[in-house]
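Undergrad: Give me a model of this one.
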Amino acid sequence: MPRPAAREREFATRFTSTPRGARLARRLVSYRLDDWGHPYGSPANETFALITAELTANAVQHGHVPGRDFHVRLTLVDNTLRVEVTDTRAEKKPPSAPPAPDSASESGRGLLLVAALADSWGVTPRTAAPGKTVWAELSHPAPRPTRAQRPTSDTPA
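TA: Model (predicted):
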């Protein structure tokens, strides 16, 4: 019987439910991916930064509860990146399929982007508290060695 996949990497933290918090979340996810071997400018880093930007912007715009933060969790397991964005607003859940955008509207395209870029995405209710978690996954090629794993000229290869 195959063993369950072991968690290879994880990053999780809370952010203020503001546009600044959403920007910081996107930047820290991109930084963490670079640290994990997916450099800035790589397809995995750029795609996942965009997915994170859309999910965190939605958490701020639609999931904001005054005085409550949102939570971001990034994991890398068996070449699958997963981001989870949790907010405390339970009554505003995104649809299971992204709605068709209104051509006159300046918003409403975030989940269309997430659905187009991610291999899978969804929404799960929080079990221990009010709110929801919106998540997205992306399979990707194996990362290059991180800075700490790369051999130096003093280290035998």
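Undergrad: where along the chain do the strands fall?
TA: Secondary structure of the chain (DSSP state E): strands at 9-15, 70-77, 80-87, 120-125, 132-139.
Undergrad: Name the stretch among those strands that sits most buried.
TA: Comparing those by mean neighbour count (mean count of other Cβ atoms under 10 Å), strand 80-87 ranks first with a mean of 22. Yep, even glycine has a C-beta here, placed from its N, CA and C like the rest.
Undergrad: Quick check: neighbours of that strand in the sheet, parallel or antiparallel?
TA: strand 70-77 (antiparallel), strand 132-139 (antiparallel) (DSSP bridges).
Undergrad: ok so, going back, need the strands of the chain in JSON lines with mean pLDDT, can you?
TA: Conversion of those to JSON lines gives the following (pLDDT from 0 to 100):
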{"stretch": "strand 9-15", "mean pLDDT": "96"}
{"stretch": "strand 70-77", "mean pLDDT": "96"}
{"stretch": "strand 80-87", "mean pLDDT": "96"}
{"stretch": "strand 120-125", "mean pLDDT": "94"}
{"stretch": "strand 132-139", "mean pLDDT": "95"}
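Undergrad: I'd like those laid out as CSV, including distance to Ala25.
TA: Output for the strands of the chain, formatted as CSV (distance: least, Cβ to Cβ, whole Å):
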stretch, distance to Ala25
strand 9-15, 5
strand 70-77, 5
strand 80-87, 8
strand 120-125, 17
strand 132-139, 13
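Undergrad: Select, out of those strands, the one closest to Ala57.
TA: Each of the strands of the chain has some distance to Ala57 by Cβ to Cβ; the shortest is strand 80-87, at 9.6 Å.
Undergrad: what's the angle from that closest one to strand 120-125?
TA: 30 degrees (axes from the mean of the first three to the mean of the last three Cα atoms, to 10 degrees).
Undergrad: Just give me how far strand 80-87 sits from the chain centre.
TA: Offset of strand 80-87 from its chain centre (Cα atoms, centre = their mean, to the nearest Å): 4 Å.
Undergrad: Could you do stretch 129-137 as well?
TA: 11 Å.
Undergrad: what does stretch 16-30 give?
TA: Counting by Cα atoms, centre = their mean, stretch 16-30 comes out at 11 Å from the chain centroid.
Undergrad: what about that stretch, average pLDDT?
TA: The average of the pLDDT scores along stretch 16-30 is 97.
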